[in-house]
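J.: dropping the sequence and predicted coords here.
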Amino acid sequence: MTGSDTAASRIDTSRPHPARVYDWWLGGKDNYPVDEELARRILAVDGTVVRGARANRRFMHRAVRAVAEAGVRQFLDIGTGIPTEPNLHQVAQGVAPEAKVVYADNDPIVLRHAEALLRGTAEGSTDYVHADVRDVDTLLARAAESLDLDRPVALSLVALTHYLSADPAGDDVHGLVKRYVDALPPGSHLILSQVTPDLNPEAIEKAAENFRRSGTPFFPRPLAEFSRFFDGLELLGPGVIPVTGWRPEPVDVAAQAEGIVPVYAGVARKP
């Protein structure tokens, strides 16, 4: 595992953190009162957020399973977040026990929980890299200690890009994702989801404003802007679609009946 125990000691519990807010929405216990306060405040203005968080997790499970069944045996999950079972490696190694998985996150609280992410199958491997998504070269170099980047890799960026701006002078999120995709060989896959204002604009703007007031940048994206992440790639069916509609299973069909989930999702293959 790449990281340091000293990083875990620097967890700031005085301000809410997106990973811990997300954990509260998922019903987890690895959050603090400040996180619960923000989570409840956002829930009050956007009643879809709990459905959205849970739909995101189910999408990740379905997408990883689909990519593993297509023959990919290496996975790089950036923006891992606090472990919530089943984790990505459990899904991938459930299909292919020999699968190799690297988790990456810049959050000390994820580092603290990383041990839970490293319990994979004997045939495969799991590792954790403490690094920021913006530091592409460092993150890929550390991932390459466990993955063979000359062979196909599934890159998972689930519920991450809406925390990154598209400003070329700042994060340049589209350029950032392209750098990762360009570094991976043909046959690699991109698994992506993110919040959109298209389906519930007023509520999403209020939720975004609450995030921003808490010190967390938040950038919901319309369909055209989200679809740009897949430029040059071959989309898997059914394409870019609201998250509960991507190859839905019975629980997703039931969730659709509960109401909208303003999150787009897609999976694509690098030709």
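T.: Yes, it's here. Numbers count the residues shown, from 1 in each chain.
J.: and residue 5, what pLDDT?
T.: In this model, residue 5 is scored at 43, pLDDT.
J.: residue 10 now?
T.: 62.
J.: so, low pLDDT: which residues of the chain?
T.: 1-11 (pLDDT under 70).
J.: who are the neighbours in contact with the residue nearest the centre of it?
T.: In the chain, the centroid-proximal residue (C-alpha atoms, centre = their mean) is residue 158; its distance is 2.3 Å. Residue 158 makes contact with 56, 59-60, 63, 77, 79, 191-193 under the criterion C-beta atoms under 8 Å, 6 or more residues apart in numbering. C-beta coordinates here come from the backbone N, C-alpha and C atoms, glycine included.
J.: checking my notes, residue 126 in a strand, right?
T.: Yes - Residue 126 forms part of a strand when assessed by DSSP: H, G, I helix; E, B strand; the rest coil.
J.: okay, now it: neighbour count?
T.: Using other C-beta atoms under 10 Å, residue 126 is surrounded by 25 other residues.
J.: partner residues bridging it?
T.: Taking DSSP bridges as the rule, residue 126 bridges to residue 101.
J.: circling back: for the residue nearest to the centre of the chain, what are phi and psi?
T.: Main-chain dihedrals, residue 158, degrees, to the nearest 10: phi -90, psi 120.
J.: helices or strands up against the helix or strand hosting residue 24?
T.: When elements are assigned from DSSP states H and E, residue 24 belongs to helix 18-25. Counting contacts by 3 or more C-beta pairs under 8 Å, 6 or more residues apart in numbering; DSSP states H and E, helix 18-25 packs against helix 33-45, helix 49-69, helix 108-112.
J.: after the longest one comes which helix or strand?
T.: Using DSSP H and E, the next helix or strand after helix 49-69 towards the C-terminus is strand 74-78.
J.: all helices of this structure, in order?
T.: Using DSSP state H, the helices of the chain run over 5-8, 18-25, 33-45, 49-69, 88-95, 108-112, 136-143, 173-183, 201-213, 223-227, 250-258.
J.: I'd like those helices laid out as JSON lines, including mean neighbour count and distance to residue 121.
T.: Formatted as JSON lines, the helices of the chain follow (neighbours: other C-beta atoms under 10 Å; distance: least, C-beta to C-beta, whole Å):
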{"stretch": "helix 5-8", "mean neighbour count": "13", "distance to residue 121": "26"}
{"stretch": "helix 18-25", "mean neighbour count": "23", "distance to residue 121": "25"}
{"stretch": "helix 33-45", "mean neighbour count": "17", "distance to residue 121": "32"}
{"stretch": "helix 49-69", "mean neighbour count": "21", "distance to residue 121": "13"}
{"stretch": "helix 88-95", "mean neighbour count": "22", "distance to residue 121": "5"}
{"stretch": "helix 108-112", "mean neighbour count": "22", "distance to residue 121": "22"}
{"stretch": "helix 136-143", "mean neighbour count": "18", "distance to residue 121": "19"}
{"stretch": "helix 173-183", "mean neighbour count": "17", "distance to residue 121": "26"}
{"stretch": "helix 201-213", "mean neighbour count": "17", "distance to residue 121": "37"}
{"stretch": "helix 223-227", "mean neighbour count": "16", "distance to residue 121": "34"}
{"stretch": "helix 250-258", "mean neighbour count": "13", "distance to residue 121": "25"}
